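Engineer: Got a predicted model here, sequence first, then my questions.
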Amino acid sequence: MTPFNLGKLPRIYFGPGKLAELPRLMAESAKSALIITGASSFYGSEKWKKLTDELTSRGITHFHVSVKGEPSPDMVDDIAGQYRGKKPGLVIAIGGGSVMDAGKAVSAMLPKNETVKHYLEGFQGAGVHDGVKTPFIAIPTTSGTGSEAAKNAVLSRVGPDGYKRSIRHDNFVPDISIVDPELMLSCLPSVTAACGMDAFVQLLESFVSTNASQLSDALALSGLEQVRDSLVTAYRDGNNLAARTGMAYAALMSGITLSHAGLGVVHGFASVLGGFFAIPHGVICGTLIGAATWTNIRYLKELGEGNPFLEKYARTGALLARREYTPENRDDHLDFLVRQLDEWTETFRMPRLGAFGVGFQDINRIIQHTGDKNNPVKLDKDGIKEILTASI
């Protein structure tokens, strides 16, 4: 058995209707809260009005900020600077992955009196955050990033010199995560597909990660089963609560597994592409995963027989096909996995990277900055270029 470490996890409340727990949980720990939401879906809804009415009745002061798009360091600095003096006892993020990241970073920076850039990984001279934060509650309204269970907040600046970088600490894992699939019923099909493919890629990449363990494998497989059973249904029938619940579980598991096993080349691309171009993270994942899986399998086969990562890819194919895994049918399972990914790409109408301005002239610049992280096989520049070229 592979040795492993189990990191910090949130106190998790999972299931339809669990949002109702929030006022009680807030009252147990704070008299004031900064609530960060997206620009439209939850804010202004009947659930928002019911929540704020109950907070008022309990005597809990709340401040509200709406954010749009992926969070930047400047956005985090502005929010933290505006509310630092008000000393909210809680930060609560209710929204998609970008809202989760914004709330997580704001909670980390409220106790500080400096820019978040001082703690962004990869910046020259960046320091290590001490983990002191304002208590944080995460409430996702999409099923994708798994940020409700992860210790990092991703911030970005888009442009020719753009970047996507994380502020990270074990203490940044949310203190409480409320995962209520009812909040996901209003997600548009395109959002459902992109977020769902993000969760799938995180589960698959952590399952075949060089840092995987029996623990992360068990969680990843349980999440992959839910993607198999729920994603297409959630895409086609957004009001199907069972499918929304399955995808909420898959996303939650993906947040746990990525934190404990790490990710592969698709997320190596995502951190670069998301900095250079305004492409939704889930679209990058959904568009690249087919080509990346095919290339990884080809490189693994070139290493010879007996490779455990080839077996893991084959097991994934068997799981998605609802077949029992058999080593003698390994190649059939591998072929099914690649075909299934191509079929999902077509079913979900995942746009190619070229739709966002990525051209063949950008290839060298992109691969120069792309790493393969915990990818199951070391890819050379030709392999990385192959994946990117197939996705433009």
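Structural biologist: It's in. Residues are numbered from 1 along each chain as shown.
Engineer: what residue ranges in the stretch 51-200 of the chain score low on pLDDT?
Structural biologist: Counting by pLDDT under 70, the stretch 51-200 of the chain contains no low-confidence range.
Engineer: residue ranges of the helices in the protein, please?
Structural biologist: When secondary structure is read from DSSP state H, the chain shows helices at 22-29, 46-57, 73-83, 97-109, 189-207, 214-236, 241-261, 265-276, 281-302, 308-321, 330-347, 363-369, 381-391.
Engineer: Now do the second one: which elements does it pack against?
Structural biologist: When you say that, I think you mean helix 46-57. helix 22-29 (3 or more Cβ pairs under 8 Å, 6 or more residues apart in numbering; DSSP states H and E). C-beta here means a position set from N, CA and C on the backbone, and glycine is covered the same way.
Engineer: ok and the helix it packs on relative to helix 46-57, angle-wise?
Structural biologist: Put simply, helix 22-29 runs at 30 degrees to helix 46-57, going by axes from the mean of the first three to the mean of the last three Cα atoms, to 10 degrees.
Engineer: So which bits of helix 22-29 are buried?
Structural biologist: The neighbour-count check on helix 22-29 (16 or more other Cβ atoms under 10 Å) flags 22-23, 25-26 as buried.
Engineer: contacts for that helix?
Structural biologist: By Cβ atoms under 8 Å, 6 or more residues apart in numbering, the surrounding residues in contact with helix 22-29 are 33, 51, 54-55, 58, 60, 89-90, 92, 135, 137, 139, 176, 178.
Engineer: Only whichever of those residues are buried, select them in PyMOL.
Structural biologist: Remark: buried members of the contacts of helix 22-29, expressed as a PyMOL selection using 16+ other Cβ under 10 Å:
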select buried, resi 33+51+54+55+60+90+92+135+137+139+176+178
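Engineer: What about the contacts of helix 22-29, which are in strands?
Structural biologist: Among the contacts of helix 22-29, DSSP state E puts 33, 90, 92, 137, 139, 176, 178 in strands.
Engineer: and the residues you listed as TSV, adding distance to Val338?
Structural biologist: As requested, the ones in strands among the contacts of helix 22-29 are arranged in TSV below (distance: Cβ to Cβ, whole Å):
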residue	distance to Val338
Ala33	47
Leu90	46
Ile92	41
Ile137	40
Ile139	36
Ile176	40
Ile178	37
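Engineer: which phi and psi does Thr134 have?
Structural biologist: As for Thr134, its main-chain torsions (degrees, to the nearest 10) stand at phi -80, psi 130.
Engineer: hang on, the earlier thing: now the buried residues of helix 22-29 in a markdown table, please, with extra columns for distance to Gly286 and pLDDT.
Structural biologist: Formatted as a markdown table, these follow (distance: Cβ to Cβ, whole Å; pLDDT from 0 to 100):
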| residue | distance to Gly286 | pLDDT |
| --- | --- | --- |
| Leu22 | 31 | 96 |
| Pro23 | 36 | 94 |
| Leu25 | 34 | 95 |
| Met26 | 35 | 93 |
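Engineer: Nearest to Thr245 among the residues you listed?
Structural biologist: Closest approach to Thr245 among those (Cβ to Cβ): Leu22, at 18.4 Å.
Engineer: Let me see the contact set for Ser209.
Structural biologist: Taking Cβ under 8 Å, 6+ apart as the test, what Ser209 contacts is 216, 261-264, 374-376.
Engineer: This completes my enquiry, with thanks.
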